[in-house]
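Participant: The sequence and its predicted three-dimensional model are supplied below.
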Amino acid sequence: MAVALYVKKGIEQVNTGNFTEAALSFSKALQLKEDADIYYNLGIVQTVLGQGVSSKQSFQRAIELRPDFPEAYNNLGILLQSEASEEEAEYCFRQAIKIKKDFSEVYNNLGLLLVKKDRLVEAEECYHEALALSSSYPEVHNNLGLLMMRKESLTEAEHEFRLAIKENENFPEACNNLAVVLRKNEKWQEAEVFIKKAIEIRPQYPEAYYNWGLTLAALGNIEAAIEAYCKAIELRADYPEAYNNLGVILLKQGKLEDAENFFHHVIELSPNFSEAYSNLSAVLKDGPRLEEAENYAKRAIQLDPSDAGAYNNLGAILRNQNRLREAEKYFLKAIELKADFPEAFHNLAMTLMETGTRFKEAESLLQQSLELRPGFAEAEYTLAALYLLQGNYKQGWETYEARFAVFNNYQPPVRRWQGEDLEGKHILLSCEQGFGDTLQFVRYAAEVAKQARHTTVLVQKPLVRLFANSEKITFVSSTSECSWDEYDFACPLLSLPMVFETDEKSIPAEIPYVVANETLVSKWKDILAKQSNGNALKVGVVWAGNPGHKNDRNRSAQLAEVAELFKAVPVLWISLQLGAESKVLQNSAIPIADFTELLTNFSETAALIANLDMVIAVDTAVAHLAGAMGKKTWLLLPFAPEWRWQLQREDSPWYPTIRIFRQTRVGDWKDVLQRVATALTSEIKVSEV
C-alpha cells in the first residue's frame with residue numbers, strides 16, 4: 001500500500017512541476033519494491049532534472065525487469081543519442097519498434113538519428129511510417145521538411161512545413177523553417193510573415209531573429225538586418241553564425257577592423273568555423289598582411305574543401321602578390337566547385353589581363369560573369385578597362401559608365417548632359433576620382449566652353465588654384481559654391497570622352513592646358529638657382545604614389561631601387577615626392593634636393609616643374625600634371641598598366657611629351673631604371689652639344 005502512495009504522490013508532484021520531490025517519492029517506492037513502471041517514471045523525472053547517468057540507469061533497469069518495454073527503449077535511445085552513442089541508440093529504437101510496431105514516436109526518433117548518420121533514404125521511410133501511424137503529427141512533417149531541405153528539394157520542404165503549421169498553428173520552429181525555404185525561393189514578403197509569426201509565438205527565439213537578419217540583408221535593409229542579428233546574439237551569446245554575418249555586413253561597408261574583430265570572435269566560439277577563416281582572408285586580401293590572409297584562406301579550405309568562396313579569396317590574395325599562375329589555379333577551382341560564381345569569373349579575368357597577353361580569354365570570362373549576374377558593376381568596369389586598354393574607345397567609354405555603381409562617385413543633382421545643344425546654357429562639369437583623373441580630363445572643359453554660355457568646373461580643393469578662371473570657365477572647389485538652379489546641365493569629367501565620341505585621333509591633346517602661376521615660377525627659379533650645379537639637367541622625380549591606391553603595390557617603386565639611378569646619372573635631382581615616402585629622404589645621403597615642406601599644393605608643384613628640364617615619375621598625379629603642362633616626362637609603368645596608358649607603346653595620345661618605360665617582367669623595376677639611366681645619359685650628351 002505504501003508503494004502505491006509514493007507512486008501516486010510522485011505523479012502528483014510531476015504534474016505540479018515539483019520534479020526533485022517526485023524523484024524522491026519514486027526512489028522511496030523503489031526501496032520498497034522494484035518495479036519497471038516506477039523505474040521508467042523515475043527515469044523520466046531524472047531526464048527532466050538533467051541527471052543523464054541516473055536516468056539511463058533507471059531506463060536500463062526498467063528494461064531488465066520488463067524486456068518488452070517499448071517506451072523505456074525509446075527513452076533510453078533518446079538519451080544514448082544525446083550522448084552520441086548512435087549505434088546503441090539505433091538498437092534501442094529498433095527494439096521499441098519490434099515490440100510495438102505502431103509506435104509512431106519511435107519512428108520519428110529513429111528518423112532523426114538516421115538523418116544525423118546521413119542515411120537519408122532510411123530516415124525518410126521512418127518519417128513516412130510515423131505519419132502513416134498517426135493522423136496528426138506536425139513534428140514529423142517539420143522533420144521531413146528539414147530532410148527535404150537537406151536534399152535541396154525546396155518544393156517538398158515547403159509542402160511539409162505548411163502541413164506542420166496546418167496541424168499546429170503555434171509551431172514556431174515550423175514557421176521559421178518555412179520562412180527559410182521562402183527566403184531561399186526569394187519569396188521575401190511571405191518569409192517575413194512567417195518569421196514574425198515564429199517570434200510572436202516565441203519572443204525569445206534567436207534562430208528566428210537570425211533568419212530575419214538574413215532576409216533583411218538580402219532585401220538591402222542593412223540597418224534592420226544588423227538589429228535582427230544583434231537581437232539573436234542578445235538571446236544567444238554563443239551564436240557564431242550571427243556574429244559571422246554581422247562581420248560580413250561590416251566587411252561590405254569597408255569597416256575592416258570591426259569586421260576582423262567579429263570574425264576572430266566567431267573562431268573563439270567555434271574554432272572550426274570555416275567561413276570565418278574565409279571571411280578573415282577577405283578582410284586582409286587587399287592590405288599589407290597578405291601572408292596572414294593566405295594562411296586564413298588555406299585554413300578555410302582545409303576545414304571545408306568544398307568552399308568555393310575560400311578558393312576565390314585565396315586566388316585574390318595570390319593575385320595581389322603577383323603570383324598569377326597560382327591565382328589562376330584557385331579561381332578555376334572555385335568555378336569548378338560553383339559554376340555560377342560571377343566573382344570568380346571576374347577575378348580570373350583580371351588575373352589573365354595582368355599576364356599582358358590573354359585578353360580574349362579575359363573578355364570571354366567577363367561576359368560569362370555578366371551573364372551570370374546582369375548589371376555586375378565591377379565586371380562591367382573591368383570590361384571597360386579591357387576595351388580602353390586595347391584602344392577600343394567606343395565600347396570602352398560606354399561601358400566605363402559602370403564606375404558610378406562601383407565607386408559611388410558624386411553626381412550633382414542637375415540634368416545629365418548627353419550632348420544636347422549648349423548654346424546659351426550654363427553647364428557644370430564635376431570631378432569624380434583621383435587628382436590624376438581630374439588633370440587628365442579637365443582638358444575637355446575648353447571643348448565644352450566652345451559650345452556653352454558658361455562652364456563651371458568642380459575640382460578637388462588642392463587643384464583649384466592650379467586652374468585659371470576665364471570669361472567662359474570658372475573653377476570651384478566645393479558644392480557650397482554651386483547653386484544648382486543656375487545650371488541647365490551637368491556632366492562628370494570622365495564621361496565627356498563618351499559624349500564627344502572620343503577615339504585616339506580626336507583626343508584633345510593640345511598642350512599645355514595647365515600653366516603655372518608666373519609669380520610662383522619666379523620664386524622657384526630663385527630657389528633652384530641656389531641648388532644649381534652649372535648647366536646640369538634639372539630632373540624632378542616621383543617614385544611612389546598614394547599608398548591607399550588599390551594597385552599601389554605594383555605602380556610604386558622603392559626608394560632604395562631608385563636611389564641607384566640618382567647615384568648613377570650626374571643631373572640635379574629634385575624630389576617631387578609627397579606623403580610618407582618623402583620623409584625617407586630626411587637625414588639620408590641620397591644626392592637629391594628635397595623641397596617637400598614647400599610643396600603645399602599643386603600650384604607650388606606646377607611652378608617647380610615649370611623650372612625643370614624633365615620629370616621622371618611613376619603613375620601618379622604628378623605625371624599627369626607634368627604632361628598637362630607640356631613638360632618632357634618619362635613615365636615608369638608596371639607590367640600591367642592602367643587602361644589609359646594602353647599596351648606596349650612608348651608614347652601616349654593623351655600627352656604628346658610623355659615617353660613611357662614599361663616593366664617587361666612583373667615587379668622588375670631594376671630593368672626599367674637601367675633603361676632610364678641609359679636614355680638619360682644620352683639626354684645629357686645631347687644637352688651638352
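Facilitator: Okay, I see it. Numbering: from 1, shown residues only.

Participant: The stretch 551-689 of the chain: strands as residue ranges?
Facilitator: Secondary structure of the stretch 551-689 of the chain by DSSP state E, counting those that start in this stretch: the strands cover 572-575, 593-594, 614-618, 633-637, 658-662.

Participant: and V515, that one's in a strand?
Facilitator: No. V515: not assigned to a strand; according to DSSP: H, G, I helix; E, B strand; the rest coil it is coil.

Participant: And the lowest-mean-pLDDT helix or strand in the chain, what's buried?
Facilitator: None of the helices or strands of the chain scores lower by mean pLDDT, DSSP states H and E than helix 552-555, at a mean of 74. For helix 552-555, burial by neighbour count (16 or more other Cβ atoms under 10 Å) applies to 553-555. The C-beta positions use only the backbone N, C-alpha and C, and glycine is treated the same way.

Participant: for those residues, which one is nearest E504?
Facilitator: Comparing the buried residues of helix 552-555 against E504 with Cβ to Cβ places R555 closest, at 23.2 Å.

Participant: Nearest residue to W634 in space, ignoring adjacent ones along the chain?
Facilitator: Residue nearest to W634 in three dimensions, not counting chain neighbours: I616, with 4.6 Å by Cβ to Cβ, 6 or more residues apart in numbering.

Participant: Would you map the helices across the stretch 201-350 of the chain?
Facilitator: With helices called from DSSP state H, counting those that start in this stretch, the stretch 201-350 of the chain shows them at 206-218, 222-235, 240-252, 256-269, 274-284, 290-303, 308-320, 324-337, 342-353.

Participant: so can I have JSON lines of these showing distance to Y400 and mean pLDDT?
Facilitator: As requested, the helices of the stretch 201-350 of the chain are exported to JSON lines (distance: least, Cβ to Cβ, whole Å; pLDDT from 0 to 100):
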{"stretch": "helix 206-218", "distance to Y400": "29", "mean pLDDT": "94"}
{"stretch": "helix 222-235", "distance to Y400": "28", "mean pLDDT": "96"}
{"stretch": "helix 240-252", "distance to Y400": "24", "mean pLDDT": "96"}
{"stretch": "helix 256-269", "distance to Y400": "28", "mean pLDDT": "96"}
{"stretch": "helix 274-284", "distance to Y400": "26", "mean pLDDT": "96"}
{"stretch": "helix 290-303", "distance to Y400": "29", "mean pLDDT": "97"}
{"stretch": "helix 308-320", "distance to Y400": "22", "mean pLDDT": "96"}
{"stretch": "helix 324-337", "distance to Y400": "24", "mean pLDDT": "97"}
{"stretch": "helix 342-353", "distance to Y400": "15", "mean pLDDT": "97"}
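
Participant: Same list, those, but as CSV with mean neighbour count and distance to C126 please.
Facilitator: What follows is the helices of the stretch 201-350 of the chain, written out as CSV (neighbours: other Cβ atoms under 10 Å; distance: least, Cβ to Cβ, whole Å):
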stretch, mean neighbour count, distance to C126
helix 206-218, 23, 25
helix 222-235, 18, 32
helix 240-252, 22, 29
helix 256-269, 18, 33
helix 274-284, 25, 31
helix 290-303, 19, 31
helix 308-320, 26, 33
helix 324-337, 19, 32
helix 342-353, 25, 40
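
Participant: With distance to G630 added, can I get these in a markdown table?
Facilitator: Output for those, formatted as a markdown table (distance: least, Cβ to Cβ, whole Å):
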| stretch | distance to G630 |
| --- | --- |
| helix 206-218 | 52 |
| helix 222-235 | 49 |
| helix 240-252 | 44 |
| helix 256-269 | 42 |
| helix 274-284 | 43 |
| helix 290-303 | 40 |
| helix 308-320 | 36 |
| helix 324-337 | 37 |
| helix 342-353 | 32 |
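
Participant: Of all the ones you listed, which one is nearest E34?
Facilitator: Of all the helices of the stretch 201-350 of the chain, helix 206-218 sits nearest to E34, with 43.2 Å by Cβ to Cβ.

Participant: Which strands and helices lie in contact with the closest one?
Facilitator: helix 172-184, helix 188-201, helix 222-235, helix 240-252 (3 or more Cβ pairs under 8 Å, 6 or more residues apart in numbering; DSSP states H and E).

Participant: now the angle from it to helix 172-184?
Facilitator: Here the directions of helix 206-218 and helix 172-184 differ by 20 degrees (axes from the mean of the first three to the mean of the last three Cα atoms, to 10 degrees).

Participant: ok so, going back, mind checking the strands of the stretch 551-689 of the chain for the one nearest to Q253?
Facilitator: Closest of those to Q253 is strand 614-618, at 31.1 Å (criterion: Cβ to Cβ).
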